[in-house]
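Enquirer: fold the stuff below for me.
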Amino acid sequence: MKKSKFTSLVAVIMLILLAATGCSSAATPDTTKTTPAKLEKVTLQLKWLPQSQFMGYYLAQAKGYYKDAGIDLEILPGGSDIIPEQQVYNGVANIGVTWVSSLMKYQSKGWGLVQTGQIFQKSAMLLVSKASSGINTPADLKGKKIGSWFGGNEFEIYALLEKNALKKDTDVKLVQQDYTMNQLLKGEIDAASAMTYNEYGLLLESGLKDSDLHVINMNDAGVAMLEDCLFVNSDWISKNQDLYVRFMKASIKGWAEACADPAAAGKIVFDVDKSVSLDHQLYMAKEVAKLVVPTGFDPANIGSIDPAAVKQTADLALKYGLLTKAAVISEDTVTSKYWKLATTK
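Expert: Below you'll find the model as predicted:
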């Protein structure tokens, strides 16, 4: 059927209008969508191997929270031969995770490192013994063999002993402990160091029950020292404040979700590194959540720094020899500035 003159005229008019507006018969692009800016590279150095101890960062990475913040995050695993403070100081990593007492040691050497967040609000350090050993109180440690990993992990034990009128060099025998719990299981030591989220779980997985064990918790004993914190090089942060605040905001979001659903977070970490069983990774995640958001702690304050806990850590570190001089606690060494910006923007 032939087109009418009217139809042809309409077609001509439409073509003229399209040409006048710069459009074509092709699909018009959606100008409401914006192309994300190029991601900025950030490197995070962990204190230890990939495990649920760091689940907030892995969850935030898996969920794309860092990319949403314009960050391409590389997470570097730690190990017994890796010192996070050294990695950050030398520029191998931009941000690090370490224990507060360890960070204070390097700060005391003049390294320009600053603590910028506190992820663990409680100490995970325990002394664990078999119920049959008769160790029911710290005073019962007298004459016993106590396992320690040393390397900075012994200072809470020193504080515990002195607080209970025990001399570490004469009243007990401190023994080098490996990273298993075999020495305690075989009866080679009477009390073993254990982290709530790792080694204590290994004892339960060996077939022991909670009722078979006695635990001395450093928090309950009043000698706790702060553990996992975030820190940066002061030179780097002076040039990258906005970038770090975006990193912290994404990290806090990741930690909040991980603590609300540790089973899901543990699975994410397990998929990153299958060095331990899924069950153990899930156990770790549940216990880590209790350190990041302890009973009565407001999840809105994840990552915040408690000045009193920092001071207690500094005092114990000085008293028991980790530090040779009092830690300088100032805005140059410990700051909540970036946490406040990340939680108020």
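Enquirer: what is the neighbour count of the closest residue to residue 152 other than its chain neighbours?
Expert: Of all residues not flanking residue 152 in the chain, residue 102 sits nearest, at 5.3 Å (C-beta to C-beta, 6 or more residues apart in numbering). C-beta coordinates here come from the backbone N, C-alpha and C atoms, glycine included. A count of neighbours around residue 102, defined by other C-beta atoms under 10 Å, yields 22.
Enquirer: roughly how far apart are the residue lying closest to residue 233 once chain neighbours are set aside and residue 102?
Expert: Excluding the flanking residues, the one nearest residue 233 by C-beta to C-beta, 6+ apart is residue 88, at 5.4 Å. Using C-beta to C-beta, to the nearest Å, residue 88 is found at 12 Å from residue 102.
Enquirer: tell me the contacts of the most centrally placed residue in the chain?
Expert: The residue lying closest to the centre of the chain (C-alpha atoms, centre = their mean) is residue 54, at 4.5 Å. The contact partners of residue 54, by C-beta atoms under 8 Å, 6 or more residues apart in numbering, come to 46, 48, 75, 97, 269.
Enquirer: want to throw those residues into JSON lines with neighbour count?
Expert: Listed next are the contacts of residue 54 as JSON lines, based on neighbours: other C-beta atoms under 10 Å:
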{"residue": "46", "neighbour count": "24"}
{"residue": "48", "neighbour count": "16"}
{"residue": "75", "neighbour count": "18"}
{"residue": "97", "neighbour count": "26"}
{"residue": "269", "neighbour count": "27"}
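Enquirer: just the ones of these in strands?
Expert: 75, 97 (DSSP state E).
Enquirer: name the element the residue nearest to residue 263 when sequence neighbours are not counted belongs to?
Expert: The shortest distance from residue 263 to any non-neighbouring residue, by C-beta to C-beta, 6+ apart, is to residue 282 (5.7 Å). Following DSSP states H and E, one finds residue 282 within helix 278-292.
Enquirer: buried ones in that helix?
Expert: Judged by neighbour count using 16 or more other C-beta atoms under 10 Å, the buried positions of helix 278-292 are 280-292.
Enquirer: swap in stretch 165-177?
Expert: Neighbour-count burial for stretch 165-177 [16+ other C-beta under 10 Å]: 166, 168, 172, 174, 175, 177.
Enquirer: before we move on, what about stretch 230-244?
Expert: For stretch 230-244, by 16+ other C-beta under 10 Å, it's 230, 231, 232, 233, 236, 237, 240, 243, 244.
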